[in-house]
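1. make a model of this:
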Amino acid sequence: MAEVLGRTGTMSDGSVYRVRFARQDLPVTTYGVTLFVGSYAAFTRYDDGRTVVMGSLALTEAELQHATDALHARGLDLSSVHKHLPAHEPAMWWAHFHGHAEDPRPLAHGVAAALAVTSTPTAPPPASQPPLDLDTAAVEETLNAKGVNDSGVLRFTFARRETVTDHGRVLPPTAGATTLISFYPVGGRRAAINGDFAMTAGEVRAVLTSLRRGGIDLVELHNHGLTEEPRLFFAHFWAIGDGTALARALRAALDATNSAPTA
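-> Prediction:
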């Protein structure tokens with residue numbers, strides 16, 4: 001798959017091969033903050049020899065229809081199209097996809113075909129970990145989780161505690177059914193935050209109420225998949241402010257979900 005996709009991924013959960021495709025060709029900005037956006041594909045191998053691929057493509061307005069056609073032409077399903085960010089430039093869409101096969105190579109070719117109609121760079125970005133201008137310890141203590149410095153962005157992942165399945169197959173957390181939170185330092189220990197909460201229907205109201213009470217804006221509420229159980233809804237959010245204060249608001253929303261940090 002690495003040869004087909006043009007870069008090497010990472011193994012996790014014992015069965016998931018995840019490959020990231022940073023859009024370093026696109027400086028995406030929201031309210032003056034430059035954000036790092038990208039696509040990913042997660043290939044999960046099961047005991048019966050079949051592979052399931054799930055992922056998301058970060059696409060410009062001009063690329064969206066062509067990428068959709070490329071996915072369908074290779075037998076992959078489009079499961080969701082939506083925004084992640086408010087008031088951003090250039091206009092971006094995120095397209096989630098799903099496919100399964102006995103041989104993972106056709107799935108990888110399908111992902112590669114969709115990427116080929118975009119201007120996504122073929123080479124991975126250089127690895128760098130700039131220092132974080134945040135009170136990282138306070139944010140981590142508040143969220144009760146360990147963050148990861150991802151190219152100067154503090155990221156957190158929270159997995160659902162219950163078993164999530166799709167077409168009767170268990171989805172490991174790194175396949176994508178998780179809550180993701182990103183802190184972008186903007187100076188003075190302030191941060192821009194975005195990401196998405198993975199929620200069951202019964203959790204949606206409490207999560208959204210907690211976010212709004214904490215001054216966090218709602219961007220989108222939607223599904224990412226077509227047939228997962230339990231049915232999951234994803235809420236994308238945005239705010240700029242003191243990093244620790246935002247972490248407290250996020251903690252209240254996390255407490256309304258049946259989730260736990262992955263690290």
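
2. touching, Ser259 and Phe156? I think so.
-> No. If you go by Cβ atoms under 8 Å, Ser259 and Phe156 don't touch, sitting 10.9 Å apart. Quick note: C-beta positions are derived from backbone N, CA and C, even for glycine.

3. show me which of those two is the more surrounded one.
-> More crowded of Ser259 and Phe156, by other Cβ atoms under 10 Å: Phe156, with 24 against 21.

4. for the residue nearest to that one when sequence neighbours are not counted, what are its contacts?
-> Sequence neighbours aside, Ile181 is the residue nearest to Phe156 in space, at 4.4 Å (criterion: Cβ to Cβ, 6 or more residues apart in numbering). By Cβ atoms under 8 Å, 6 or more residues apart in numbering, the residues touching Ile181 are Leu143, Arg155, Phe156, Thr157, Phe158, Ile193, Gly195, Leu250.

5. and what of Gly241?
-> Arg190, Ala191, Gly215.

6. C-alpha coordinates for the one helix or strand it maps to, CSV please?
-> Assessed by DSSP states H and E, Gly241 sits inside strand 233-242. C-alpha atoms of strand 233-242 as CSV (Å, rounded to 0.1, in the frame of the first residue of the first chain):
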residue,chain,number,x,y,z
PHE,A,233,-23.0,11.9,15.3
PHE,A,234,-20.1,14.3,15.0
ALA,A,235,-20.0,18.0,16.2
HIS,A,236,-17.3,20.2,14.8
PHE,A,237,-16.5,23.3,16.9
TRP,A,238,-14.4,26.4,16.9
ALA,A,239,-13.2,29.1,19.4
ILE,A,240,-10.3,31.3,20.3
GLY,A,241,-9.3,32.2,23.8
ASP,A,242,-7.2,31.3,26.9
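
7. after that strand, next one along is what?
-> Using DSSP H and E, the helix or strand that follows strand 233-242 in sequence is helix 243-254.

8. and the gap between Tyr31 and Glu89?
-> Remark: distance between Tyr31 and Glu89 (Cβ to Cβ, to the nearest Å) = 10 Å.

9. cool, Leu218 as well?
-> 20 Å.

10. who has more neighbours, the two?
-> Per other Cβ under 10 Å, whichever of Leu218 and Glu89 has more neighbours is Leu218, with 14 against 11.

11. so which strand or helix has the more buried one?
-> Using DSSP H and E, Leu218 falls in strand 217-222.

12. next, the angle strand 233-242 makes with that strand.
-> 170 degrees (axes from the mean of the first three to the mean of the last three Cα atoms, to 10 degrees).

13. what's the average pLDDT for the next helix or strand after strand 217-222?
-> Per DSSP H and E, the first helix or strand lying C-terminal to strand 217-222 is strand 228-229. The average pLDDT within strand 228-229 is 94.

14. what does strand 228-229 contact?
-> Val164, Thr165, Asp166, Leu171, Ala177.

15. across the sheet, point out what pairs with the third one.
-> Listed beta-bridge partners, Asp166: Arg169, Glu228 (assigned using DSSP bridges).

16. report pLDDT for it.
-> Asp166 carries a pLDDT value of 90.

17. for Ser80, see how far away it is.
-> 13 Å.

18. cool, the last one as well?
-> As for Ala177, its distance to Ser80 is 13 Å (criterion: Cβ to Cβ).

19. overlap of the contact sets of these two?
-> His224, Gly225.
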